[in-house]
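Asker: the following comprises the amino acid sequence and a computationally predicted model.
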Amino acid sequence: MNNRRFFVALSFSSAERLYVRAVANALALTYGYDHVFYDEFRVGELERSDLEGYLPTLYAEQCDLCVAFISSAYCSGGWPGAEWQGISESLLTDPDRVLLVKMGDVRLDAVVGLPEGVTHVDGTTSQAEAVASLVVSRLSQLNTSPVAHRAEVHEALVERQAGADRADPQETQERMLEEQAILLDKLFQNLVARSLDTTNPALKAEFSRLAMQAQAQSRATYLGVEQNTWQLPHRPR
């Protein structure tokens, strides 16, 4: 397992915020806030004077996968330009660690440092949930995947509490479901707080909708009927 802080980091312009926020929330449901780098999840960390130099290093070295949502606004400069410095470095040295999502009618060859023939996803015709699923799929293909990392975390938890070799499979599954439900509860509380803070009616409605969705999934997880719950691999006996 490597020492990168994040499974995935999202890079985008403010023009695509609503779309990217939906992707980020879907990924947070799967991996947790701590493993997804998205600016609204890391407000305190981004309040620093050296941000222009900090962002390239973060995107180049501190995440398993960079997802860049390329649009005309993205190419116009600002913070996406600083993020792209790190992403383009990864694209040249380890292209599997970069996923490009084309937004609108932007020409990808207009992006500085973009190699010819690089593959991409069309965000204009793909729902945010589909892009999130693609991110999960790409991460599972990397040598150090979130699933592998989560397996190590859960194995360590089982060993501390009961001993991995003696742990009952059913108890392990129930413990995993409870942790997933706790994560969903935290997401629900976060979304409710954001819906109360914003004065934009459209954003308020979107936050409320996502909050209700997270709450419903949390309740379903507590009951053990969530169909898409991540499964802890069984260790060989």
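Answerer: Everything's here; your move.

Asker: mind listing the helices in this structure by residue range?
Answerer: Using DSSP state H, the helices assigned to the chain run over residues 17-31, 51-61, 79-93, 128-141, 146-161, 169-197, 201-222.

Asker: grab the nearest non-local neighbour of Thr119.
Answerer: Among residues not flanking Thr119 along the chain, Leu100 sits closest, at 7.4 Å (C-beta to C-beta, 6 or more residues apart in numbering). From N, CA and C alone the C-beta is placed, and that goes for glycine too.

Asker: quick one: residues contacting that neighbour.
Answerer: Residues in contact with Leu100 (C-beta atoms under 8 Å, 6 or more residues apart in numbering) are Val67, Ala68, Ile70, Leu108, Val118, Thr119, His120, Val121.

Asker: list buried residues within those residues.
Answerer: Val67, Ala68, Ile70, Val121 (16 or more other C-beta atoms under 10 Å).

Asker: pretty sure the second one contacts Val101?
Answerer: Yes. Under the criterion of C-beta atoms under 8 Å, Ala68 is in contact with Val101, at a separation of 6.9 Å.

Asker: any idea which helix or strand in this structure has the lowest mean pLDDT?
Answerer: Within the chain, no helix or strand scores below helix 146-161, which has a mean of 47 by mean pLDDT, DSSP states H and E.

Asker: now the strand ranked longest in the chain: average pLDDT?
Answerer: Determined from DSSP state E, the single longest strand within the chain is strand 63-70. For strand 63-70, the mean pLDDT works out to 94.

Asker: adjacent strands (with direction) for that strand?
Answerer: Here strand 63-70 has these sheet partners by DSSP bridges: strand 6-11 (parallel), strand 98-102 (parallel).

Asker: need the ones you listed in TSV (columns: mean pLDDT and distance to Ser49).
Answerer: Formatted as TSV, the strands paired with strand 63-70 follow (pLDDT from 0 to 100; distance: least, C-beta to C-beta, whole Å):
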stretch	mean pLDDT	distance to Ser49
strand 6-11	95	21
strand 98-102	94	28
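
Asker: residue ranges with poor pLDDT in the protein?
Answerer: 1-2, 112-113, 115-117, 143-195, 197-198, 207, 211, 214-237 (pLDDT under 70).

Asker: mind running it again at 50?
Answerer: For the chain, applying pLDDT under 50 flags the ranges 1, 144-146, 149, 152-158, 160-161, 164-165, 225-237.

Asker: burial measure for Gly32, as a count.
Answerer: As a burial measure, Gly32 scores 19 neighbours (other C-beta atoms under 10 Å).

Asker: what about it, distance to Phe6?
Answerer: 11 Å (C-beta to C-beta, to the nearest Å).

Asker: same check, this time on Arg17
Answerer: To Phe6, Arg17 is 19 Å away according to C-beta to C-beta.

Asker: the more surrounded of these two?
Answerer: The residue with more neighbours, out of Arg17 and Phe6, is Phe6; 21 against 15, by other C-beta under 10 Å.
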